[in-house]
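Engineer: Fold the following.
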Amino acid sequence: MLKAYIFRITFIVCVVLITFLSLAPLDVDIDPNKLQIPHLDKYVHFCFYFAFAVTGSLACKELLQMRLLKKSELVKVFSGAVVYGIIIEIFQTTLTATRQADILDVAANTSGALIGIIAVWCLKATRIGLK
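Structural biologist: Here you go, the predicted model:
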């Protein structure tokens, strides 16, 4: 029972962190002398939504008290991640003055969620299980 709460709390923390970091004011004073990684924000989006998909899948598994997640449940988690990513991008344009929606961010979010779901599915398929 404790494991179920841990997975749910981890998922909620992940979602709150994504929301906060996506909508917080963007610092426009970037030091050009620092190491600049091209498209770093796309990697960050990918990682955020990878974590969203994995933690969401684990929370869903424990919430439904299933030994292994069904494909339909993984599709629901993936769809939720994609819709959430789109909503956050819309909020960036409408609720913030320093951020804009970017279709490439949506693509990075979707890719991260897809790879996260595939990773969970592969763990299921190899019968390692998600303990």
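Engineer: secondary structure element for residue 51?
Structural biologist: Assessed by DSSP states H and E, residue 51 sits inside helix 40-63.
Engineer: What average pLDDT does that helix get?
Structural biologist: Mean pLDDT, helix 40-63: 91.
Engineer: Pull out the buried positions in that helix.
Structural biologist: Across helix 40-63, burial judged by 16 or more other Cβ atoms under 10 Å covers 42, 44-46, 48-62. Yep, even glycine has a C-beta here, placed from its N, CA and C like the rest.
Engineer: can you give me the helices in the protein?
Structural biologist: Using DSSP state H, the helices of the chain run over 2-23, 40-63, 71-95, 103-125.
Engineer: Deepest in the core, which of those helices is it.
Structural biologist: Mean neighbour count (mean count of other Cβ atoms under 10 Å) peaks for helix 40-63 among the helices of the chain, with a mean of 21.
Engineer: quick one: it to helix 71-95, angle?
Structural biologist: When axes from the mean of the first three to the mean of the last three Cα atoms, to 10 degrees is applied, the directions of helix 40-63 and helix 71-95 differ by 140 degrees.
Engineer: Show me what helix 40-63 packs onto, helices and strands only.
Structural biologist: Helix 40-63 sits against helix 2-23, helix 71-95, helix 103-125, with contacts defined as 3 or more Cβ pairs under 8 Å, 6 or more residues apart in numbering; DSSP states H and E.
Engineer: can you list the residues that contact the helix holding residue 51?
Structural biologist: Helix 40-63 has contacts (Cβ atoms under 8 Å, 6 or more residues apart in numbering) with 3-4, 7-8, 10-11, 14-15, 17-18, 21, 37, 68-69, 73-74, 76-78, 80-81, 84-85, 104-105, 108-117, 119-120, 130.
Engineer: From residue 41, how far out is the nearest residue to residue 91 once chain neighbours are set aside?
Structural biologist: Excluding the flanking residues, the one nearest residue 91 by Cβ to Cβ, 6 or more residues apart in numbering is residue 23, at 6.1 Å. Here the criterion is Cβ to Cβ, to the nearest Å. By it, residue 23 lies 14 Å from residue 41.
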